[in-house]
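Asker: Take this sequence and fold it.
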Amino acid sequence: MRLIENAAPGGGVRALIIGAGAYPNAKVAGPKVPKLSALSSAPKGALDLAERLLGPWLDRFEVPIATVDLLANSAAFPEGIPVTVDGETKTTWVPTLERVVEAKNRWLKDAQANDILLFYCCGHGVYHPATEMMFLPSDFGADEDDPWSGAIAIADLRAGLAEKRPRKQWLMFDACQNTPTQLQGTFPPRPKPLISGTIGGKKAAVEAYGPLEQVLLGASVVGEQAFGKEGRPSRFLEAFFEACDESAYLINDGTDWWADRETIERSISTFGVRVAEAHEQDYFTFARTSETDASAVPKLLRRKEPSGCTLIARSAPAHRFSQASLSLTCPPSEAVIGSKEIGSGAMFRQSVSAWEWYQVTATFPKEPPTTKTRRAFPPFIEVVF
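Answerer: Sure, this is the predicted structure:
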């Protein structure tokens with residue numbers, strides 16, 4: 001389903017968003033089909049991403065939003081999710097393989113070299129050495145004898161997109177990369193490539209359209225799973241949203257502050273310690289995929305203000321910190337702008353202004369106060385006592 005379509009003769013963002021939350025053909029495991037549970041985080045994340053593209057991120061890309069295509073379903077709405085756009089209620093396309101192919105064709109139709117491609121898929125994923133990453137559309141398992149022909153080969157998609165006109169591409173694969181039992185020891189699967197690459201095609205595209213900037217962000221690595229919690233986007237997307245909403249704007253071009261591949265990755269990798277509640281810090285500490293073949297660091301979003309900074313204080317060993325009192329000041333002022341009492345918390349965390357100098361003073365029982373001075377380099381600084 002197309003949510004928006006705007007003329008963008010000078011280049012535009014073309015987004016294809018897929019959130020597969022229901023798998024009616026794989027509710028029970030079979031000899032060749034693994035059991036696939038319903039995923040609430042997949043449609044939630046897809047809808048939240050579309051909402052950002054049509055709302056707070058609308059004017060934050062290098063070029064305007066041209067098209068946004070959305071495919072999503074859920075256990076509650078297996079035939080598509082009702083959404084309201086400009087006062088009109090529509091139903092999202094179901095992310096079956098046939099619909100994904102149709103949406104892909106619309107996504108790339110008339111695309112030009114100065115367009116930016118944005119691709120996001122969330123749902124069940126698997127890995128096989130012969131094909132690497134595979135994404136499973138919502139109708140996966142419809143063919144019980146040859147189920148893997150209904151999967152989508154992400155590596156082939158990347159290779160095919162590299163030959164297309166748009167030179168800036170951001171691809172996000174928000175799914176597992178483990179190998180289910182039904183895929184182990186089988187002949188190499190034959191998943192759908194969506195786009196078939198050709199020998200020499202990438203080089204020819206560079207010569208015809210210019211250098212390629214393709215970024216792949218993955219929510220997992222080979223052999224690992226990706227996770228999300230009920231009623232929330234995936235943990236990868238939660239961290240990605242925070243990076244693009246708040247913490248990744250660290251590069252200035254003289255006019256704007258940019259979130260680029262490197263600053264987004266740094267924000268995602270530190271989300272657990274900077275933002276997450278204590279009981280979720282381990283959940284938000286996970287291995288990811290981040291790749292690009294660009295010669296320079298690709299930029300994604302911009303704004304006028306730089307990101308702030310989070311100051312974190314803790315002790316080694318960690319349990320010792322609860323015994324300390326703590327005060328935070330910003331010299332030359334001696335006014336206390338943050339504090340911690342004895343017995344509270346195993347970590348101190350506070351938002352501070354970027355680039356300023358701060359003094360953190362910790363007092364432990366039977367010890368003189370210890371003061372450490374740090375400059376607030378975003379997205380966070382850490383003081384260990």
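Asker: All the helices of this protein, residue numbers only.
Answerer: Ranges of helices within the chain are 41-54, 97-108, 154-161, 201-209, 235-242, 261-274, based on DSSP state H.
Asker: for the stretch 101-250 of the chain, what are the low-confidence residue spans?
Answerer: Low-confidence segments of the stretch 101-250 of the chain (pLDDT under 70): none present.
Asker: hey, where'd the strands end up in it?
Answerer: 116-122, 125-128, 132-135, 152-153, 168-174, 213-218, 249-252 (DSSP state E, counting those that start in this stretch).
Asker: Distance to residue 277 and mean neighbour count added to those, as TSV?
Answerer: C-beta coordinates here come from the backbone N, C-alpha and C atoms, glycine included. As requested, these are arranged in TSV below (distance: least, C-beta to C-beta, whole Å; neighbours: other C-beta atoms under 10 Å):
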stretch	distance to residue 277	mean neighbour count
strand 116-122	23	25
strand 125-128	27	22
strand 132-135	30	24
strand 152-153	35	24
strand 168-174	22	24
strand 213-218	24	21
strand 249-252	24	19
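Asker: Domain boundaries for this structure, per the record?
Answerer: 2-303, 309-384 (automatic domain parsing).
Asker: Single out the most deeply packed of these.
Answerer: Highest mean neighbour count of the domains of the chain: domain 2-303, a mean of 19 (counted as mean count of other C-beta atoms under 10 Å).
Asker: ok now it, how far from the chain's centre?
Answerer: Its chain's C-alpha centre and that of domain 2-303 lie 8 Å apart, by C-alpha atoms, centre = their mean, to the nearest Å.
Asker: again with stretch 371-385
Answerer: Between the centre of stretch 371-385 and the centre of its chain there are 27 Å (C-alpha atoms, centre = their mean).
Asker: Run through who's touching that stretch.
Answerer: 247-248, 250, 263, 266-267, 270, 273-274, 306-316, 320-321, 324, 331, 352-362, 364, 370 (C-beta atoms under 8 Å, 6 or more residues apart in numbering).
Asker: wait, doesn't residue 53 sit right on residue 15?
Answerer: Yes - judged on C-beta atoms under 8 Å, residue 53 makes contact with residue 15 at a distance of 5.7 Å.
Asker: overlap in contacts of those two?
Answerer: Listed as contacting both residue 53 and residue 15 by C-beta under 8 Å, 6+ apart are 65, 68, 118.
Asker: For the last one, give me its contacts.
Answerer: With contacts defined as C-beta under 8 Å, 6+ apart, the neighbours of residue 118 are 13-16, 53, 169-170.
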